[in-house]
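Novice: Curious how this folds, go ahead:
(one chain, ligands or ions: 1)
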Amino acid sequence: MNAPATTPAPTPVTSTGKIMLVGLGPGSQEHLTGRARAAIAEADTIIGYVTYIRLVQDLIEGKEVIKKSMTEELDRAIEALERAQAGKKVALVSSGDAGVYGMAGPTFEVLFQAGWTPDSGIEVEIVPGASAINTCAALVGAPLTHDFCAISLSDLLTPWPTIARRLDAVAYADFVVALYNPKSGRRTQQIVEAQRLFLRHRAPDTPVAIVKSGFRPRQNIVLTTLEKMAEEDIGMLSTVLIGNSNTFIRHGLMVTPRGYANKYEVEGGERSTRDGEQAGVSLSSGLNGWVATIQASDRSPAELAAEYRLPQDYIEAVLHIELPAEEPEAPVEN
Ligand SMILES: C[S@@+](CC[C@H](N)C(=O)[O-])C[C@H]1O[C@@H](n2cnc3c(N)ncnc32)[C@H](O)[C@@H]1O
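Specialist: Numbering: from 1, shown residues only. Prediction:
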């Protein structure tokens, strides 16, 4: 591995350089945004991991190209700053979105260390791209239509107990989860441990989608279950989507319900509101309704805490609150 470069001296205010953190999306031309394309065209220098530079090969003719390996993120950021200090426009390219397990964080860390501020003469633009969580979800149906989160299984920079604690917490809390960096040639057990932690809280038949090389020539999609997922072909370019307790698979599509069935019944094409529910206000088990229910209950805080799987001190606090009445609100646009 190369020795890391040293952080450049504080940025001179007169510099007119620019650093663009460009998310390339999943790796197909159709999913590269107009602004990402324009940013690459505008740049004098393109810096990035070899595979990502290959993705935009046709856009970079005649430009200075600095190819780096995966382990040289900080060096890439330092090199970008040096070029920008010399007045160049630099595009740092990442797959997906540069702010999701990408170059945006390390770049700001290097910039701040060098004394950069937003008005110190070097402009920084972040060009968003579709992250793997979105593109992989789009390939398998609608798995993210309810609360979701992303966890990286890479322990190259994060201690395993931190990763395990997060896996355990989100499995318990019933999030849909996207696992980034699930497995590599060297890191093969992390996905097995993730499965072990999830199985403590979720049913073995919980739907799982594994998308490998989404929107790239070797795209491969597998729909499976939590108990079988670790046996599947998973690699460096896979994202694993684990459903929540309501997620289902139908006609080869993985879908997480939005929650409409909690409020409405549909029969013979007709929609009606369930007993006790009203359109435009929270569910009867929403905040106001639930607080009223537990305040009227004769059960102890300990029993309520066990029933709702919430901390007892939170239940105790809520038993004493007074909530303002809820006004009906306009439907949310989506
Ligand atoms: C270092 S992270 C980079 C994430 C990227 N910045 C993003 O927003 O998608 C690399 C991980 O992203 C996921 N990934 C990136 N491109 C993918 C693709 N085309 N198909 C499936 N997963 C992908 C994989 O989990 C891979 O291990």
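Novice: any idea what the nearest residue to Asn262 once chain neighbours are set aside is structurally, helix, strand or coil?
Specialist: Once flanking residues are discounted, Asn262 sits nearest to Leu283: 5.8 Å by C-beta to C-beta, 6 or more residues apart in numbering. For every residue, glycine as well, the C-beta is placed using N, CA and C. Three-state assignment for Leu283 (DSSP: H, G, I helix; E, B strand; the rest coil): coil.
Novice: And for Leu283, the neighbour number?
Specialist: 16 (other C-beta atoms under 10 Å).
Novice: residue ranges with poor pLDDT in this structure?
Specialist: Scanning the chain with the threshold set as pLDDT under 70 gives 1-15, 69-71, 263, 328, 330-334.
Novice: which residue lies farthest from the center of it?
Specialist: Asp298 (41.8 Å; C-alpha atoms, centre = their mean).
Novice: I'd guess that one is in a strand, am I close?
Specialist: No: under three-state DSSP, Asp298 sits outside any strand and is assigned coil.
Novice: ok, which residues in the stretch 1-150 of the chain are in contact with the ligand?
Specialist: Pro26, Gly27, Ser94, Ser95, Gly96, Asp97, Val100, Tyr101, Gly102, Ser131, Ala132, Cys136 (C-beta under 6 Å from any ligand atom).
Novice: that older thread, how far away is the residue nearest to Asn262 from the ligand?
Specialist: Counting by C-beta to the nearest ligand atom, to the nearest Å, the separation of Leu283 from the ligand is 34 Å.
Novice: the helices in the stretch 1-150 of the chain, which residues?
Specialist: 34-42, 50-55, 73-85, 104-113, 132-140 (DSSP state H, counting those that start in this stretch).
Novice: What is the neighbour count of the residue in the stretch 1-150 of the chain that the ligand sits nearest to?
Specialist: As assessed by C-beta to the nearest ligand atom, the ligand sits closest to Gly96 within the stretch 1-150 of the chain, at 2.0 Å. Neighbours of Gly96 under the rule other C-beta under 10 Å: 27.
Novice: Can you report how many residues lie near the nearest residue in space to it that is not next to it in sequence?
Specialist: Among residues not flanking Gly96 along the chain, Ser131 sits closest, at 4.2 Å (C-beta to C-beta, 6+ apart). Other residues near Ser131 come to 25 when the count uses other C-beta under 10 Å.
Novice: got the contact list for Gly214?
Specialist: Counting by C-beta atoms under 8 Å, 6 or more residues apart in numbering, Gly214 makes contact with Pro26, Gly27, Ala132, Thr135, Cys136, Leu139, Ile221, Thr239.
Novice: before we move on, what about Ile210?
Specialist: Listed by C-beta under 8 Å, 6+ apart, the contact partners of Ile210 are Ile221, Val222, Thr224, Met229, Glu232, Asp233, Ile234, Ser238, Thr239, Val240, Leu241.
Novice: Which of the helices or strands spans it?
Specialist: Ile210 belongs to strand 207-212 when assigned by DSSP states H and E.
Novice: hmm, that strand in reach of the ligand?
Specialist: Yes: using C-beta under 6 Å from any ligand atom, a contact is recorded between strand 207-212 and the ligand, made by Val211.
Novice: let's have the chain start at 729 instead
Specialist: Sounds good: first residue 729 from here, last item strand 935-940.
Novice: Now the helix or strand just after that strand: buried residues?
Specialist: As assigned by DSSP H and E, the chain's next helix or strand after strand 935-940 is strand 948-953. Across strand 948-953, burial judged by 16 or more other C-beta atoms under 10 Å covers Val950, Leu951, Thr952.
Novice: Identify, from those residues, the entry nearest to Ala937.
Specialist: Leu951 (5.5 Å; C-beta to C-beta).
Novice: partner residues bridging the closest one?
Specialist: The partner list for Leu951 in beta bridges (DSSP bridges) reads Ala937.
Novice: do Ser1000 as well
Specialist: Bridge pairing for Ser1000 - DSSP bridges - gives Glu993.
Novice: Next, count neighbours for it.
Specialist: 10.
Novice: circling back: the residue nearest to Asn990 and Glu1054: what is the separation?
Specialist: 11 Å (C-beta to C-beta, to the nearest Å).
Novice: Repeat that for Arg763.
Specialist: According to C-beta to C-beta, Arg763 stands 41 Å off from Glu1054.
Novice: Also Gly815?
Specialist: Gly815 is 57 Å from Glu1054, by C-beta to C-beta.
Novice: and if you look at Arg930?
Specialist: According to C-beta to C-beta, Arg930 and Glu1054 sit 32 Å apart.
Novice: the more surrounded of these two?
Specialist: Between Arg930 and Glu1054, counted using other C-beta under 10 Å, the more crowded position is Arg930 (22 against 14).
Novice: residues in contact with that one?
Specialist: When the contact criterion is C-beta under 8 Å, 6+ apart, the partners of Arg930 are Ala899, Asp902, Leu954, Ile970, Ser973.
Novice: quick one: which of those has the most company?
Specialist: So for the contacts of Arg930 (other C-beta under 10 Å), the most neighbours sit at Ile970, 28 neighbours.
Novice: Any residue of stretch 968-983 touching the ligand?
Specialist: No: shown here: stretch 968-983 not in contact with the ligand (C-beta under 6 Å from any ligand atom), separated by at least 7.7 Å.
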